[in-house]
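1. Sequence first, then the predicted structure:
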Amino acid sequence: MQQRTIGDRTVSAIGLGGMPMSIEGRHDEARSIATIHAALDAGVTFIDTADAYHLDPTDVGHNEILIAKALRLAGSAADDVLVATKGGHRRPGDGSWYVQGDAGYLKKACEASLQRLDVEAIGLYQFHRPDPAVPYEESVGAIRDLLDEGKILMAGISNADPQQIRLAHEVLGGRLVSVQNQFSPAFRSSEPELELCAELGIAFLPWSPLGGIARAGELGERHAAFAEVAAERGVSPQQVTLAWELAKAPVVIPIPGASRPESIQDSARAADLELTPEELTRLDAAA
């Protein structure tokens, strides 16, 4: 599989988003673990999670615990896997979300994630979402402190605009390695952030790269050009979508969510699908 980099780590060009395995509609643990193992078998070495990927307050960190268990069971096959998690976005249990970005909370959230992931230091820790009630530099400052203390090995941010990316890069002393924003054919408003990441050499991690959990299967119906190119190539529209995103810049690493082994295996094949300039122009015009 094609490789890309996050900070000083080489990872697969396609990652695995763990969210669908832990929120509403999740399947049993055995199927989720089989999905994670299928990702490893397909060459995936980057897995994204968050403490907020759960159902209710009694279930906080479900996805982190699940991923840690799957990787333990995988043994040496998981040796090269980079796990990224996030803090600062919470779920009260009624289906809604809220943000909490004060330094004290973020540091406690990181400590809890360390325990759930069962690691001495988290490979990549990301501030999940800006909190309007807290100065952004305070939130990122907490991530900087965690980095300085060795509790995390690399630092990232999520759901950030260009100004916040530049500010985080400054607060972290040039050590910002990733930005995780929504990006897909249906959601292209993060293109300025993608371009800035390419300029700065920071990994750009599109979340919901296939349009979201509920709509990924309908991608070809909603974006005809992607379905047409897929039919011509004999692959799925999802593969074409991920290959189109990879072609945007060498820093792009999509993290499609999956809850079935077949889904992540199909997505992983996009890393080796090279679209022609003509196909990319056609998709850019249609997306």
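-> Here it is on my side, so go on.
2. What are the buried residues along the helix or strand where residue 34 lies?
-> Assessed by DSSP states H and E, residue 34 sits inside helix 29-41. Within helix 29-41, the residues that qualify as buried by neighbour count (16 or more other CB atoms under 10 Å) are 32-33, 35-40. Quick note: C-beta positions are derived from backbone N, CA and C, even for glycine.
3. Reformat those into JSON lines and put distance to residue 4 next to each item.
-> Output for these, formatted as JSON lines (distance: CB to CB, whole Å):
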{"residue": "32", "distance to residue 4": "25"}
{"residue": "33", "distance to residue 4": "26"}
{"residue": "35", "distance to residue 4": "22"}
{"residue": "36", "distance to residue 4": "20"}
{"residue": "37", "distance to residue 4": "22"}
{"residue": "38", "distance to residue 4": "20"}
{"residue": "39", "distance to residue 4": "16"}
{"residue": "40", "distance to residue 4": "17"}
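4. for the nearest residue to residue 38 once chain neighbours are set aside, what are its contacts?
-> The shortest distance from residue 38 to any non-neighbouring residue, by CB to CB, 6 or more residues apart in numbering, is to residue 261 (3.5 Å). Taking CB atoms under 8 Å, 6 or more residues apart in numbering, we find residue 261 in contact with 34-35, 37-38.
5. Tell me which two in the residues you listed are the farthest apart.
-> With CB to CB as the measure, no two of the contacts of residue 261 lie farther apart than 35 and 37, at 7.3 Å.
6. about what we covered before: give me the distance from the helix holding residue 34 to the chain's centre.
-> Its chain's average C-alpha position is 17 Å from that of helix 29-41, according to CA atoms, centre = their mean, to the nearest Å.
7. Only C-alpha atoms, please: export that helix in PDB.
-> C-alpha atoms of helix 29-41 as PDB (Å, rounded to 0.1, in the frame of the first residue of the first chain):
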ATOM      1  CA  GLU A  29     -17.500  -6.600  19.500                       C
ATOM      2  CA  ALA A  30     -16.500  -9.700  17.500                       C
ATOM      3  CA  ARG A  31     -17.400  -8.000  14.200                       C
ATOM      4  CA  SER A  32     -15.700  -4.800  15.200                       C
ATOM      5  CA  ILE A  33     -12.500  -6.600  16.100                       C
ATOM      6  CA  ALA A  34     -12.700  -8.500  12.800                       C
ATOM      7  CA  THR A  35     -13.000  -5.200  11.000                       C
ATOM      8  CA  ILE A  36      -9.800  -3.800  12.700                       C
ATOM      9  CA  HIS A  37      -7.900  -7.000  11.900                       C
ATOM     10  CA  ALA A  38      -9.100  -6.800   8.300                       C
ATOM     11  CA  ALA A  39      -7.700  -3.300   8.200                       C
ATOM     12  CA  LEU A  40      -4.300  -4.600   9.400                       C
ATOM     13  CA  ASP A  41      -4.400  -7.400   6.900                       C
END
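8. going on from that helix, what's the next piece of helix or strand?
-> Immediately after helix 29-41, counting by DSSP H and E, sits strand 46-48.
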